[in-house]
Each structure stands twice: as C-alpha cells, then as structure tokens.
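Trainee: Compute the structure for the input listed below.
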Amino acid sequence: MSVEPKSSDSLRQLKELMLGDEQRDLADLRARLDGLEADSVERLARDLAEALHRRRAQGDRPFEEWVEALQSGTESAIQRSVSEDKSRLAKALFPIMGPAIRSYVVDLFRGMVEELNETIRNATSVDRIQWRFQALMAGKSYSEYVLLKTRSFRIEEVYLMQRDTGLLLLHAAADPGKGDGADGEADLMSGMLTAIRSFVRDSFVPGEERDEEVHELDSFTFGEREVLMEAGPSMVLAAVAYGVPPPSVREDLKRVLEDLHGELQGRLNRFSGDMRELQGSLPTLRKALLKNQGIASESGGGGGLWRAWVFLGVLAVVLGGWWWIGAREQARWDRFENRLRSEPGMAVTEVEDAGWWRKRLVRGLRDPLAADPATLAAESGIESEKVTFDFGLMASLEPTFVARREAELKSHLESMQSSLDTLRRDVGSTASREGLADLGRRIEEGLSALKSATASEEARRTALADAISEESRQTVEALVRSQFGDVEGLAIAVDGRTVRFSGEVAEPGYSSVLARTKPLEALLSVDVTGLRNGSLSRIAALKEAIEREGIRYADGTLNRDEDQAVERMATMLGEFFRLGAETSQEFRAVVTAHPLIGTLREGNRPIEQSRATQVRDRLVEHGIPSGRLETKLSEDMNRAGQGVTILLTPREAAGGR
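Mentor: Have a look, this model is predicted:
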C-alpha cells in the first residue's frame, strides 16, 4: 500500500492549520472583487442620498464644488432631452412658466394702461392747459414743468419682509428720527402689511389659484400716502410713498428687490434668526428711498395765471385786429376786381392773389378809350403801392366805344367841311391882291393841318393794329403752349393766326395731340404736316433689329451668348407688341428655322423643328404671349446654316403651323 496519499493529506491539513484564516480572507476578497461592479452600483444607490446630506452639512463651498462637477453633465442631459422630446421639458416647466408669463403680461398691460391714462390726463385736463401757459411764463419747457408739478413725491419708508412668513428682515426710513433696522414699530407695520396681503388674497382669490404669483396685492392708499408692494420669489418689498409716484418708480423698486435677492438669498437659506447677519444689505435697501420734490410755489420769474390771461387777451386782440383788417381789405379788393371785370373795354385775364398785405398783379387787355385802372383803384380805396397793372392793347367792340370813335371821325370831318365852306366864301368875296395872298396862306395852313391830322390818325391806327396783332399772337401762343407744352418731343410755332406743330411724338401722345388740335381749327389755322408718330418710327426700328438678330446654334445647342440673344429678342418683342397695340396694329412673330447645311433634308427637319420650338419656348419663359408666336421651317437653301430667326408679319397675313 502506498504512503503518498497520507503525505498529501498531512500537508493539506498542515496548510489548513497554518494558513486557513488567510485563505478564507483571500477567498472573500476574490469574491468581493469579482462582484465589485454590481456592489458599487447598489452601494451608490443606497448611500448617495446620505452622502449628499453630509456634503450639504459641510457648508456651501464644498457643495458648490459638487454642483460645478455636475453642471456640464446636467446641461448635456437637458440639451439631449430637449432635442429628443421637447414636450417632456415643457410639461415639467409649465407650472413655473405659466405664472411667470402671466405676471409679466399683467405688469406690461398695467404699465401701458397707466401711461395711456397719464397721456389722456395731460392732454385733456384743465390743469395741464393752465400749466402750458405757466411754463411759458416761467421760461421752462412744458415737459419740465409737468415733471415738476406732477412728480412731487418721496418714499418715506421701505420694508423688506420674508414672503412666506411675513418676517421683517430689513427696514429703512428717510427720516433719521425713525432710524433703520427692525425695531418694534417696524415689526408691527410689517405684520400689518402681511395681514393685509393675506386678507386680500384669501378674500378675492380662488383657493386653487392662491399660490400663483400673479395674485398679489401691489398697492393700496391711505390719505395722501400710497404703499407700493413688489413681491419676489422669497421676499416682499413694501414702500410707503407720499405724493404721486411716476410709473418708473415701480421699475426702480423691482431692481432694488432683485439686487436684494442676489445679496440675501444665500444668507436666508441658512438664516439663524440673527438680524445682524442681514444689515450688510441695508445700503442696497436705502436705494429704494426715492424722491422728486416738486415746486410748491412759482418764484424767480415764474409768473401767475393772470399773466397767461393777459397774454391770451393781447393775442386775441392782435388776431382779431388782423382778421378784421384782412376782411376789410379783402372786401375792398373784391369790389375793385368786380368793377374791373365789369368795366367796358377791359378784359381781366389774371389776378395774383398774394394776400392783402402784399403787392398784387393784374393782367389783361384794355381798349385805349376804357377807363384808367389806376383811377378805378384809387376810387375803390386801393393804394397804388399795392397793385401793378399789365394791360395789353385791344380794340373793343362795345357800342359805346364804337360810337365814340365814329363821333370823333364825324367831328373831324365836320371841322374840315366847315373850313372848306369858310374858304369857299372867302374866295368868292375876296378880289384884292392882299386878300388873295391871305387866302392862299390860309389854304396852305389848312392843307398842312389836314395832312398832319391824317398822318397822326393813320399812325395811331397802325400802332393800335400792330399792338393788337402782337398781343393776339402772344395770347394765342400762350394758349397753345399751355395746352400742348407738356407733350414730349412736340415743337410749336405761331405765325399770326397759324399754328404749326412739328416733331416726333410717341403714342399715346401723338393721338392725343391730333385729337386736341381739332377744336383749334375752328379758331386758327392748324398745320400738323411736320408732326410724326414716334411710335411708328420705333416700331420700324424694332422690326429691323429683331429680324436682323439670329440664333446661330454655333455649338449645336443654345450656348450662353445665344441665350442672351434670345433674352434681347424677348425684350424687343415685348416693346414691339406694346407699341403695336398703342397704334392699333397687331403682329405675329414667326420663329423660322433655316435649313441645316447638307442635303439630308428629311433627317434634318426634326432638328430644325426642335430648334424653332426651343427658341419659342424660351421667348414664352421671358413673358412673350404664346398666342403671338408660331414656328415655321424654311426651305430656302440660300439661308442654310443661319440657325433661327424671327419674321414679324401683320396678324392677318401670318400663316404657317
């Protein structure tokens, strides 16, 4: 029998006796290492909350390191959540964002309503109207004066309270006698404000909405004082104001409250009840003690309301006097103008109405026998310095003036006849030489006087006729130019009573000129032989340019240059069709494909048709109506290789397919 097994058993027993505990510990350690990953997850899940509590108990600084370590991961998780499913985060934030948005909208509309009410008051209030005149008397701008008048206020005390408990945290007063700090009287005021806020919220807000920030008491008034309240997430700021605070005060109070939240939020989280810990923020709270002292009396040149009434009275007298003088002078001028227009032998064509205080110009035509307009102006009470006359000559056909001219001529003839009769008698009764000599002298004097009178009358008649002719020509020219001077390209020439029109005028101006000259033919001689239709000339030029343009297909397809040529053709075709419509002409564009070089006509025709169709489609893309275009294949071998051209024909004569 072998002894080897006994040795092995003895050795194993010896190891067990000597190293048994160590081997068991090693086995336990190996088992723990093998299950370390699973145990770590379970241990972390079990001990994480306790670890966070212990970390928090060490103070803010150690916990801030923990927050900083988790920040990047948290931000990444939020970004991923938003990118994958926005609705989950929106539902989570809805209870917070809803009240915040409602609060913002309520504040926004409240501010708008307050500004609107203030604007209406400033525009319609009797006090504001008085202030305008008082500001004028005081030498200040209206806005500055209104600010001094309406913004006389001061905030006497401010209270900073904890929102949930109503505990007074800080107190500041503008009156040094009241002092700062949370004393007994301030605590009593804080408790009263908290009670009022709670009463209003419990009485007027439904139970399910009482926790929302939008339902907060923001102000109440007692006597001449108003308490303004601004609520934040954890603190409430109450300001006791005297006077009428402007809307901007609330914005200032909100900024102060935000600053206090930033300074005190961390201290309040670990607040032990010692108010001295919060005293460092008292200077920030004192920023809410705003004031804007208005003027109590008008001094230093301010002036009272009586000055405004004096100013108004003087202004009313000046304006009333100006109006009365203007009305009187205008009535006087109207009577004078009516008299001029009704005066025989006078035609008033223009009166410059420049105002009664300025010099006026009167233009027209006047017969030499008519009354002097300057005399008529003096008789009507119009000063000669206030009127200028510009009258041309005319021969009036008024019966009075015709009779006066005939009477003057008859008187002249009778005077000559009387002189001849006297001469005849003297010739018959005179026989002496001296008498005959005297008679001859008298005859010479009579003949000389007759020639002088005849020449003077002839000169007067000629000058009058020339003046009337020149005045008529100027009048006719002015009339014609006033009617046709705005037509571009039109030239006008007036020769006596003949008016000549020349130049090149495009449609519709050409047809308009022809239509407007028809009424003139009843009064004047109208010559339009030199007038040309500019649209017809342009149509001819466009037709030549379009038919000269061609698409050669040098590369076998439409290259860039040829595509630009199609665009140019489309532009010219658009203008061509528009001018044709203005001149009552209709055209059709025939897109003609010329033969390819070679003798295979049957094989080339599909290519030629494709090119013609391609050019037509490109023209349609550029805005040419498809109904005005047609395609055609040319069989003229003399034009082989010329690509595609366009032939413009009258619509009635257009053919093809």
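
Trainee: all contacts plus neighbour counts: C-alpha atoms, from now on.
Mentor: Will do.

Trainee: So what's the residue count around the closest residue to Val200 other than its chain neighbours?
Mentor: Leaving aside its chain neighbours, Val200 sits nearest to Leu217 (7.0 Å; criterion: Cα to Cα, 6 or more residues apart in numbering). When neighbours are defined as other Cα atoms under 10 Å, Leu217 has 17 of them.

Trainee: For Leu217, report the pLDDT, please.
Mentor: Listed pLDDT for Leu217 reads 79.

Trainee: Surely it is in contact with Arg197?
Mentor: Yes. Between Leu217 and Arg197 there is a contact at 5.9 Å, judged by Cα atoms under 8 Å.

Trainee: circling back: list the contacts for the residue nearest to Val200?
Mentor: Contacts for Leu217 (Cα atoms under 8 Å, 6 or more residues apart in numbering) come out as 197, 200-201, 229.

Trainee: and the residues you listed, which of them are in helices?
Mentor: Taking DSSP state H, the ones among those that sit in helices are 197, 200-201.

Trainee: how distant is the one helix or strand Leu188 maps to from the center of its chain?
Mentor: Leu188 belongs to helix 184-204 when assigned by DSSP states H and E. Between the centre of helix 184-204 and the centre of its chain there are 53 Å (Cα atoms, centre = their mean, to the nearest Å).

Trainee: now do stretch 577-590
Mentor: Taking mean C-alpha positions (Cα atoms, centre = their mean), stretch 577-590 and its chain are 41 Å apart.

Trainee: Show me what counts as buried in that stretch.
Mentor: 577-580, 583, 586-590 (16 or more other Cα atoms under 10 Å).

Trainee: Please convert those residues to JSON lines, extending it with distance to Ser384 and pLDDT.
Mentor: Below are these laid out as JSON lines (distance: Cα to Cα, whole Å; pLDDT from 0 to 100):
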{"residue": "Phe577", "distance to Ser384": "63", "pLDDT": "86"}
{"residue": "Arg578", "distance to Ser384": "59", "pLDDT": "86"}
{"residue": "Leu579", "distance to Ser384": "58", "pLDDT": "84"}
{"residue": "Gly580", "distance to Ser384": "61", "pLDDT": "83"}
{"residue": "Thr583", "distance to Ser384": "57", "pLDDT": "80"}
{"residue": "Glu586", "distance to Ser384": "66", "pLDDT": "85"}
{"residue": "Phe587", "distance to Ser384": "68", "pLDDT": "86"}
{"residue": "Arg588", "distance to Ser384": "71", "pLDDT": "87"}
{"residue": "Ala589", "distance to Ser384": "72", "pLDDT": "88"}
{"residue": "Val590", "distance to Ser384": "76", "pLDDT": "89"}
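
Trainee: Which ones among those residues lie within strands?
Mentor: Members of these lying in strands (criterion: DSSP state E): 587-590.

Trainee: Tell me which two in these are the farthest apart.
Mentor: Distance extremes for those: the farthest pair is Phe587 and Val590 at 9.6 Å, using Cα to Cα.

Trainee: Now the common contact residues for these two.
Mentor: Listed contacts common to Phe587 and Val590 are 648-649; contacts here mean Cα under 8 Å, 6+ apart.

Trainee: ranges for the helices of the stretch 1-150 of the chain?
Mentor: With helices called from DSSP state H, counting those that start in this stretch, the stretch 1-150 of the chain shows them at 4-34, 36-57, 60-84, 86-124, 126-138, 142-150.

Trainee: Which of those helices sits closest to Glu385?
Mentor: Here helix 126-138 is closest among those (Cα to Cα), at 39.4 Å.

Trainee: Run through the neighbouring helices and strands of that closest one.
Mentor: helix 86-124, helix 142-150, helix 305-342 (3 or more Cα pairs under 8 Å, 6 or more residues apart in numbering; DSSP states H and E).

Trainee: Kindly report which one of these carries the lowest mean pLDDT.
Mentor: The weakest mean pLDDT among these belongs to helix 142-150, with a mean of 65.

Trainee: Mind listing what's buried along whatever helix or strand comes next after it?
Mentor: Next helix or strand after helix 142-150 toward the C-terminus (DSSP H and E): strand 153-162. Within strand 153-162, the residues that qualify as buried are 153-162, counting by 16+ other Cα under 10 Å.

Trainee: Among these, which one sits closest to Gly20?
Mentor: Ranked by distance to Gly20 (Cα to Cα), those are led by Gln162 at 67.5 Å.

Trainee: Test my guess that that closest one contacts Met235.
Mentor: Yes. Under the contact definition of Cα under 8 Å, Gln162 touches Met235, with a separation of 4.5 Å.

Trainee: how close does Phe271 sit to Leu264?
Mentor: Separation of Phe271 from Leu264 (Cα to Cα, to the nearest Å) stands at 10 Å.

Trainee: Neighbour count: those two, which is higher?
Mentor: Using other Cα under 10 Å, the more surrounded residue of Phe271 and Leu264 is Leu264, with 17 against 13.

Trainee: Just confirm that one is within a helix.
Mentor: Yes. Assessed with DSSP: H, G, I helix; E, B strand; the rest coil, Leu264 lies in a helix.

Trainee: Helices along the stretch 551-657 of the chain, start to end?
Mentor: Counting by DSSP H, counting those that start in this stretch, the helices of the stretch 551-657 of the chain are 560-582, 601-621.

Trainee: Same list (the ones you listed) but as TSV, adding distance to His594.
Mentor: Formatted as TSV, the helices of the stretch 551-657 of the chain follow (distance: least, Cα to Cα, whole Å):
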stretch	distance to His594
helix 560-582	16
helix 601-621	7
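
Trainee: Select, out of the ones you listed, the one closest to Asp28.
Mentor: helix 560-582 (86.8 Å).

Trainee: Buried residues, the closest one. List them.
Mentor: Going by neighbour count (16+ other Cα under 10 Å), the buried part of helix 560-582 is 562, 565-574, 576-580.

Trainee: And that helix, what does it pack against?
Mentor: Counting contacts by 3+ Cα pairs under 8 Å, 6+ apart, helix 560-582 packs against helix 534-548, strand 550-551, helix 601-621.

Trainee: if you set the cut-off to 7 Å instead, what comes out?
Mentor: If you count contacts as 3 or more Cα pairs under 7 Å, 6 or more residues apart in numbering; DSSP states H and E, helix 560-582 packs onto helix 534-548.

Trainee: Find out how far the helix it packs on is from the centre of the chain, if you would.
Mentor: Distance of helix 534-548 from the chain centroid (Cα atoms, centre = their mean) equals 43 Å.

Trainee: list the buried ones in that helix?
Mentor: Those would be 534-536, 538-539, 542-543, 546, for helix 534-548 by 16+ other Cα under 10 Å.

Trainee: Using CSV, lay out those together with pLDDT and distance to Phe501.
Mentor: Below are the buried residues of helix 534-548 laid out as CSV (pLDDT from 0 to 100; distance: Cα to Cα, whole Å):
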residue, pLDDT, distance to Phe501
Gly534, 79, 14
Ser535, 80, 17
Leu536, 82, 18
Arg538, 83, 20
Ile539, 83, 22
Leu542, 84, 26
Lys543, 85, 28
Ile546, 85, 32
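
Trainee: quick check, nearest of these to Thr631?
Mentor: Looking across the buried residues of helix 534-548 and measuring by Cα to Cα, the closest to Thr631 is Ile546, at 15.6 Å.

Trainee: SS state for the residue nearest to Val200?
Mentor: Under the three-state scheme (three-state DSSP), Leu217 adopts coil.

Trainee: With the one 10 residues further on instead?
Mentor: For Val227, the reduced secondary structure class is strand; criterion used: three-state DSSP.
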